[in-house]
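Enquirer: give me a 3D structure for the following:
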Amino acid sequence: MKEDKKQGMFTQLKKDVRKRILTGLLLILPVYVTFVVIKFLFGFIGGILSPVVKKTLYFLGVSMPNTSLAEFIVTFFGLILTFIALYFLGIFAANFVGKSIIRYFENLLTITPVVKSIYSSVKQVLHAVTLPGKQAFKRVVLVDFPKEGTKSIGFVTGASECGDGKKISVFIPTIPNPTTGFLIFVDESAVTNTNLTVEDAFKALFSAGVLIPESISAALKTNITPSSNTEIS
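Expert: Numbering: from 1, shown residues only. Take a look at the predicted model:
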């Protein structure tokens with residue numbers, strides 16, 4: 001009897017330890033990932049703009065000691081300078097002169113072999129995803145890919161006429177780079193509709209399936225009928 005009681009206490013202790021470790025991991029993991037992303041951003045921007053900031057400070061007569069703190073301050077100023085530059089670049093691109101200059105350089109890129117394909121594709125994808133009102137991704141679906149019986153997250157992007165009738169176009173992004181992927185054309189009946197938002201779908205993609213909304217599980221069991229405002233004409 002005592003042996004069974006000890007065994008039960010030991011089993012409960014293992015469960016408690018495992019639960020506490022998992023709780024701690026779920027607490028620290030988002031913080032760690034955020035730290036890594038910010039560190040990468042600081043390092044990337046710092047590597048580009050640190051020389052500019054250092055030369056500017058030197059020109060103003062400000063001497064910075066060669067310490068980690070000084071490097072952080074320089075990188076921080078570089079980050080602020082980046083946001084300021086992007087803001088004024090947006091203003092410049094909105095006026096007539098700026099549009100003309102940007103159009104000229106874009107024309108150069110679009111007639112350059114190899115470069116034109118990459119530039120045009122990336123620009124179209126980014127504009128479709130980020131600009132308001134574009135509605136590039138009309139709804140999030142699940143589709144059998146790469147083979148029947150396996151489900152992948154896809155975004156319905158439109159509809160087109162094929163030889164055997166009307167097909168919907170579904171973009172299936174890859175990870176960790178969701179700007180690339182596969183474009184397939186399937187019947188409406190071949191997809192499982194979900195109530196996921198585009199943001200929820202990208203969370204699942206960027207986290208490699210760690211942050212999977214519960215509605216995906218529900219969608220695997222029930223095919224949700226798309227609302228009238230998501231139908232594709």
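Enquirer: gap between stretch 14-34 and the chain center?
Expert: 24 Å (CA atoms, centre = their mean, to the nearest Å).
Enquirer: what about that stretch, average pLDDT?
Expert: Mean pLDDT, stretch 14-34: 77.
Enquirer: may I have that stretch as PDB, with CA atoms only?
Expert: Listed next in PDB are the C-alpha coordinates belonging to stretch 14-34 (Å, rounded to 0.1, in the frame of the first residue of the first chain):
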ATOM      1  CA  LYS A  14       6.400  14.400 -12.500                       C
ATOM      2  CA  LYS A  15       3.200  15.800 -13.900                       C
ATOM      3  CA  ASP A  16       3.500  18.900 -11.800                       C
ATOM      4  CA  VAL A  17       7.200  19.400 -12.800                       C
ATOM      5  CA  ARG A  18       6.300  18.900 -16.500                       C
ATOM      6  CA  LYS A  19       3.400  21.300 -16.200                       C
ATOM      7  CA  ARG A  20       5.500  24.000 -14.500                       C
ATOM      8  CA  ILE A  21       8.300  23.600 -17.100                       C
ATOM      9  CA  LEU A  22       5.800  23.900 -19.900                       C
ATOM     10  CA  THR A  23       4.200  27.000 -18.300                       C
ATOM     11  CA  GLY A  24       7.600  28.600 -18.000                       C
ATOM     12  CA  LEU A  25       8.500  27.700 -21.600                       C
ATOM     13  CA  LEU A  26       5.300  29.200 -22.900                       C
ATOM     14  CA  LEU A  27       6.100  32.300 -20.900                       C
ATOM     15  CA  ILE A  28       9.700  32.800 -21.900                       C
ATOM     16  CA  LEU A  29       9.500  31.600 -25.600                       C
ATOM     17  CA  PRO A  30       7.500  34.600 -26.900                       C
ATOM     18  CA  VAL A  31       9.900  36.900 -25.100                       C
ATOM     19  CA  TYR A  32      12.900  35.100 -26.500                       C
ATOM     20  CA  VAL A  33      11.600  35.200 -30.100                       C
ATOM     21  CA  THR A  34      10.800  38.900 -29.700                       C
END
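Enquirer: list the buried residues in it.
Expert: Within stretch 14-34, no residue qualifies as buried by neighbour count (16 or more other CB atoms under 10 Å). The way it works is simple: take the backbone N, C-alpha and C, and place the C-beta from them, glycine included.
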